[in-house]
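A.B. asks: What follows is a predicted protein model with its sequence.
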Amino acid sequence: MSEHSTELEGQVALVTGAGTGLGRRFAVTLAAAGAAVAVCGRRPEPLATVVEEIEAAGGRALAVPLDVRDPAAIVAAVDTVEAGLGPVTILVNNAGIPDARRAHKMPLELVDAVLETNLRGPWLLATEVGRRLIDSGSAGRIVNVSSMSGYYTAGGAAALYAVTKAGVNRMTEALAIEWARYPINVNGIAPGTFSSEMVDGLIERVGEVHGNFPRKRLGDPAQLDSTLLYLVSPASEFVTGTIIKVDDGQMPR
């Protein structure tokens, strides 16, 4: 296969938070490139809709209910994917939740939910998939979906979310170096503000957010396709430990 190829025939991808938003787009994009895709998330109904969309286009997909806060469920989900589609060779750690509270007003339950969903869950899933790839000697690609909030925060009631995304960035770098001796590449994507279910909720609370952006627009999830395909395909074989910022110049550097 050419080193410039983004074809994914024979690959098995697991995408978390895949029922809606960016995760849904990631799942559909990977399937269109030839991967069999495990569509994972907490709500069965959206998962089934995504699977139907992929299968209608001629792809292979499997809905796997998964709450990444549950360590046992993570192991069981990877087992289910292996049984239904084959060993996971591509992981997209996309599941995440906002905090939307001032730091000093967050109840413990919300603190735990944000930390466990945004950071512990991706860590456990990456290490579960990584362990299996190492044990089998197989090549794999792990893409952790971070956020520009991991680099910049304006104090707008998203402090813990920003902390978790900074942690995802460092996790990406650390695992990439630890696993560099194996054929496993670990990279990340840090989107700016894209149209998604999470951003729709933000707009409902605070109003339009793109008026202050240099180009006065939100991102379209389709504008992440090329970055995702680059990171999971032979085109990026020499790239590991990198987080690609995709934000249209929305955030300062």
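C.D. replies: It's in.

A.B. asks: What segments of the stretch 101-250 of the chain are strands?
C.D. replies: Here the stretch 101-250 of the chain has its strands, by DSSP state E, counting those that start in this stretch, at 140-145, 184-191, 243-246.

A.B. asks: Distance from the helix or strand harbouring residue 76 to the middle of the chain?
C.D. replies: Under the criterion of DSSP states H and E, residue 76 resides in helix 71-84. Distance of helix 71-84 from the chain centroid (CA atoms, centre = their mean, to the nearest Å) equals 17 Å.

A.B. asks: next one: stretch 241-250
C.D. replies: The chain centre lies 14 Å from the centre of stretch 241-250; the measure is CA atoms, centre = their mean.

A.B. asks: now do stretch 12-31
C.D. replies: How far stretch 12-31 lies from its chain's middle: 8 Å, per CA atoms, centre = their mean.

A.B. asks: Can you say which of the strands of the stretch 101-250 of the chain is packed in most?
C.D. replies: strand 140-145 (a mean of 27; mean count of other CB atoms under 10 Å). Every residue, glycine included, has its C-beta placed from N, CA and C.

A.B. asks: what lines up beside it in the sheet?
C.D. replies: The strands beside strand 140-145 in its sheet (DSSP bridges) come out as strand 90-93 (parallel), strand 184-191 (parallel).

A.B. asks: Residues touching the shortest one, excluding its own?
C.D. replies: Where contact means CB atoms under 8 Å, 6 or more residues apart in numbering, the residues beyond strand 90-93 that reach it are 8, 11-16, 23, 26, 30, 35, 121-122, 125-126, 129, 140-145, 168, 228, 232.

A.B. asks: Please apply the same query to the last one.
C.D. replies: By CB under 8 Å, 6+ apart, the surrounding residues in contact with strand 184-191 are 22, 126, 130, 133-134, 139-148, 150-151, 165, 168-169, 172, 175-176, 179, 219, 224, 227-228, 231, 236-237, 239-247.

A.B. asks: Which entries within these meet the buried criterion?
C.D. replies: Among the contacts of strand 184-191, those classed as buried by 16 or more other CB atoms under 10 Å are 22, 126, 130, 133, 140-148, 150-151, 165, 168-169, 172, 175-176, 179, 219, 224, 227-228, 231, 236, 240-241, 243-247.

A.B. asks: Strand 184-191 and the longest helix along the chain, what's the angle between them?
C.D. replies: Criterion DSSP state H: the longest helix present in the chain is helix 159-178. Counting by axes from the mean of the first three to the mean of the last three CA atoms, to 10 degrees, helix 159-178 lies at 150 degrees to strand 184-191.

A.B. asks: elements contacting helix 159-178?
C.D. replies: Applying 3 or more CB pairs under 8 Å, 6 or more residues apart in numbering; DSSP states H and E, one finds that helix 159-178 contacts helix 108-115, helix 121-136, strand 140-145, strand 184-191, strand 243-246.

A.B. asks: Next, the buried residues of the first one.
C.D. replies: Right, the one you point to is helix 108-115. 110, 113-115.

A.B. asks: swap in stretch 93-103?
C.D. replies: For stretch 93-103, by 16+ other CB under 10 Å, it's 93-101.

A.B. asks: circling back: hmm, who's touching the helix holding residue 76?
C.D. replies: Against helix 71-84 from outside (CB under 8 Å, 6+ apart): 12, 14, 38, 40, 62, 64, 66-68, 88, 121, 124-125, 128-129, 132.

A.B. asks: That helix: which residues count as buried?
C.D. replies: Neighbour counts over helix 71-84 (16+ other CB under 10 Å) mark 73-74, 77-78, 80-81 as buried.
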